[in-house]
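Asks: got a predicted model here, sequence first, then my questions.
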Amino acid sequence: MSDYSESDAQRQVSDLEKKSATAARLFDIRRIIGGLFVIYGIIVTIAGITASDADLAKAGDININLWTGLGMLALGLFFLTWLWLRPLPPTASESPAEDEEPAK
């Protein structure tokens, strides 16, 4: 005879589903891409703000670091806004068998 009953198995499965959904929300690709673009955008924007005249002359008097950094910031903020406006849907509710009280 098994040490686990059917209700124990269902409880373990539902716990694993909850953990999986939490991990999916944590590692949502929009969060990763948005965060990286914001961080790199800040770095490149600072490099563009502090660019010297010699650096600008090399790029044809266009501050490419500033424009690229601002573009990266905008893209990163877009991804993070998208994540905030359309989060992952919540997990499915508990199975109907668990909602009912066990018969006595």
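Replies: Okay, I see it.

Asks: give the buried residues for stretch 47-60.
Replies: Neighbour counts using 16 or more other Cβ atoms under 10 Å place 47-48, 51, 56 of stretch 47-60 among the buried residues. All C-beta atoms are positioned from the backbone trio N, CA, C, and that covers glycine.

Asks: quick check, nearest of the residues you listed to residue 74?
Replies: Distance ranking of the buried residues of stretch 47-60 against residue 74, using Cβ to Cβ, places residue 48 first at 13.9 Å.

Asks: host element of the closest one?
Replies: For residue 48, the element it lies in under DSSP states H and E is helix 29-49.

Asks: toward the C-terminus, what is the element adjacent to that helix?
Replies: Towards the C-terminus, the helix or strand next in line after helix 29-49, according to DSSP H and E, is helix 53-58.

Asks: which residues touch that following helix?
Replies: Applying Cβ atoms under 8 Å, 6 or more residues apart in numbering, the contact partners of helix 53-58 are 62-63, 65.

Asks: same thing but 10 Å
Replies: Among residues not part of helix 53-58, those counted as contacts by Cβ atoms under 10 Å, 6 or more residues apart in numbering are 47-48, 51-52, 61-66.

Asks: which residues of this structure score low on pLDDT?
Replies: Judged against pLDDT under 70, the low-scoring parts of the chain cover residues 1-4, 16-26, 88-104.

Asks: try it again with 50
Replies: Counting by pLDDT under 50, the chain shows low-confidence ranges at 1, 94-96, 98-99.

Asks: need the nearest residue in space to residue 64, chain neighbours excluded.
Replies: Leaving out its chain neighbours, the residue that sits closest to residue 64 by Cβ to Cβ, 6 or more residues apart in numbering is residue 48, at 7.5 Å.

Asks: do you know how far the one you found is from residue 37?
Replies: 15 Å (Cβ to Cβ, to the nearest Å).

Asks: same thing with residue 50?
Replies: To residue 37, residue 50 is 20 Å away according to Cβ to Cβ.

Asks: residue 69 now?
Replies: Residue 69 sits 10 Å away from residue 37, taking Cβ to Cβ as the criterion.
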